[in-house]
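**Q** coords please:
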Amino acid sequence: MDVDSELCKLNITPSNESSSSNMDTQVSNVEESIKNLRIGDEPSTFKRKPVIIIVVGMAGSGKTTFMHRLVCHTQATNKRGYVLNLDPAVMTLPYGANIDIRDTVKYKEVMKQFNLGPNGGILTSLNLFATKFDEVVQMVEKRADQLDYVLVDTPGQIEIFTWSASGAIITEAFASTFPTVVAYVVDTPRSASPTTFMSNMLYACSILYKTRLPLVLAFNKIDVAQHEFAIEWMKDFEAFQAAMQSDHSYTSTLTQSLSLALDEFYNNLRSVGVSAVSGAGIDGFFKAIESSAEEYMETYKADLDKRRAEKHRLEEERKRASMEKLRTDMEKTGGETVVLSTGLKKDKGSTSETAMDEDDEDEDIYEDEDFKRFSDDDSIDEDEDDEFSKYSY
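**A** Below is the predicted model of the structure:
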């Protein structure tokens with residue numbers, strides 16, 4: 001909420017005969033009105049339950065199937081779950097969603113209306129949905145006492161959610177109200193290559209530092225390939241180096257250097273092996289989620305509160321600066337009418353005045369040209385009269 005726009009509604013017009021005491025009274029009234037606006041104040045409505053699980057993963061990693069397994073597990077264990085689908089381009093879902101972005105935003109219509117491609121349509125649909133995401137949070141808050149988990153499925157194009165403004169809005173909206181954990185789904189068979197494994201770890205590291213939330217690695221498809229090799233590479237640096245010895249390309253050299261840089265990142269990371277098809281490892285996944293939720297309450301929430309306090313402090317400084325500027329302007333006017341504006345109207349007005357002056361000048365020029373033209377015509381008529389008079393009888 002803008003301070004200047006709200007002050008414009010207060011109609012501050014001190015008369016010429018007002019004294020300095022009346023001016024101080026008006027300033028105090030303005031300060032009281034600003035306090036009543038409650039600018040920057042955020043009520044403390046943080047709830048320990050439910051736990052928000054945001055599922056992200058590369059395209060083809062089995063993310064939607066994994067979501068289906070999580071929904072089935074919550075139902076089988078009598079856990080109270082709530083499901084959100086944020087993928088507008090998915091054709092069919094194997095599970096029922098309580099809130100579905102497809103009910104609000106039509107993906108194909110967005111593509112036609114804005115002339116976008118597939119990725120641009122997904123991003124624009126997510127942006128449109130994010131404008132009303134506060135209503136989604138309110139719906140979850142109403143059912144908070146009846147829920148244990150909120151499962152959030154994201155678009156298949158991972159960069160659309162993790163590196164977009166709408167993804168940040170959705171993540172921060174949940175994290176500021178509930179314990180929130182990010183689950184990164186990894187395609188285990190494809191990660192058997194050390195280079196592909198390092199690419200997944202780099203992306204997981206970027207998500208961790210981008211969202212500033214607890215991260216759980218879910219090595220999916222362990223029914224096809226076991227994930228023990230990945231756990232070994234994360235815990236033993238020399239084992240990963242040994243796997244890279246057969247490759248002497250530039251990519252191999254870069255991967256070995258990155259593995260040394262990410263060694264500290266592995267130490268504070270929770271990872272489990274799961275199978276979305278058979279359901280293996282799902283119990284271990286939920287245990288990791290509970291541990292991450294506790295970590296969120298101990299570490300990440302403190303950082304979130306610190307950032308919120310810093311934002312509130314900056315807002316208070318802005319309000320004080322605005323009030324001080326208002327007081328100074330009222331003292332300088334000496335009882336004259338106070339015009340409160342952001343400067344935009346003034347610039348617009350000056351621009352319009354300049355345009356009007358230019359129009360007036362153009363009209364004057366046109367009038368002068370018309371006068372000249374008419375004068376020349378008159379002179380021509382006089383010459384014609386003289387010629388006519390010579391031959392008149």
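
**Q** For the one helix or strand residue 109 maps to, what is the distance to the chain centroid?
**A** Using DSSP states H and E, the element containing residue 109 is helix 107-114. Taking Cα atoms, centre = their mean, to the nearest Å, one finds the center of helix 107-114 at 21 Å from the center of the full chain.

**Q** Need the contact partners of it.
**A** 88, 89, 116, 117, 118, 120, 121, 122, 124, 125, 128 (Cβ atoms under 8 Å, 6 or more residues apart in numbering). Any C-beta I mention is one placed from the backbone N, CA and C, and that applies to glycine too.

**Q** Apply 6 Å and report the result again.
**A** Residues outside helix 107-114 that contact it (Cβ atoms under 6 Å, 6 or more residues apart in numbering) are 88, 89, 121, 124, 125.

**Q** And stretch 125-133, by the same measure?
**A** 88, 101, 104, 105, 107, 110, 166, 169, 170, 173.

**Q** Could you single out the nearest of those to residue 333?
**A** Using Cβ to Cβ, residue 169 comes nearest to residue 333 of the contacts of stretch 125-133, at 41.7 Å.

**Q** neighbours around residue 143, how many?
**A** Neighbour count of residue 143, defined by other Cβ atoms under 10 Å: 13.

**Q** Count residues in the vicinity of the closest residue to it other than its chain neighbours, would you?
**A** Nearest residue to residue 143, sequence neighbours excluded (Cβ to Cβ, 6 or more residues apart in numbering): residue 82, at 6.6 Å. For residue 82, the count of nearby residues is 21 (other Cβ under 10 Å).

**Q** any idea of the mean pLDDT in the helix or strand hosting residue 82?
**A** Taking DSSP H and E as the criterion, the element that holds residue 82 is strand 81-85. Across strand 81-85, pLDDT averages out at 95.

**Q** Most widely separated two among the contacts of helix 107-114?
**A** Checking the contacts of helix 107-114 with Cβ to Cβ, the most distant pair is 89 and 124, at 11.4 Å.

**Q** Quick one: neighbours of residue 135, just the number.
**A** 11.

**Q** show me what contacts it?
**A** By Cβ under 6 Å, 6+ apart, residue 135 has no neighbours at all.

**Q** Okay, residue 187 and residue 222: tell me how far apart.
**A** Applying Cβ to Cβ, to the nearest Å, the value for residue 187 to residue 222 is 11 Å.

**Q** before we move on, what about residue 52?
**A** For residue 52, the distance to residue 222 - Cβ to Cβ - is 25 Å.

**Q** And the two? Which one has more around it.
**A** residue 52 (24 against 21).

**Q** who's that one bridged to?
**A** residue 150, residue 180 (DSSP bridges).

**Q** Show me what counts as buried in the helix holding residue 109.
**A** 107, 110, 111 (16 or more other Cβ atoms under 10 Å).

**Q** can you check stretch 65-80 too?
**A** So, applying 16+ other Cβ under 10 Å, buried residues of stretch 65-80: 65, 66, 67, 68, 69, 70, 71, 72, 73, 74.

**Q** One more: stretch 317-333?
**A** Those would be 319, 322, 323, 326, 327, 330, for stretch 317-333 by 16+ other Cβ under 10 Å.

**Q** Among these, name the ones in helices.
**A** Using DSSP state H, the members of those that fall within helices are 319, 322, 323, 326, 327, 330.

**Q** Specify which member of the residues you listed is nearest to residue 238.
**A** The shortest approach to residue 238 among those belongs to residue 319, at 57.3 Å (Cβ to Cβ).

**Q** and that closest one, how far is that from residue 140?
**A** 31 Å.

**Q** Average pLDDT for stretch 324-332, rounded please.
**A** On average, stretch 324-332 scores 82.

**Q** Strands of this structure, residue ranges please.
**A** Using DSSP state E, the strands of the chain run over 51-57, 81-85, 99-100, 149-153, 180-187, 215-220, 270-273.

**Q** Having no further points to raise, I will conclude here.
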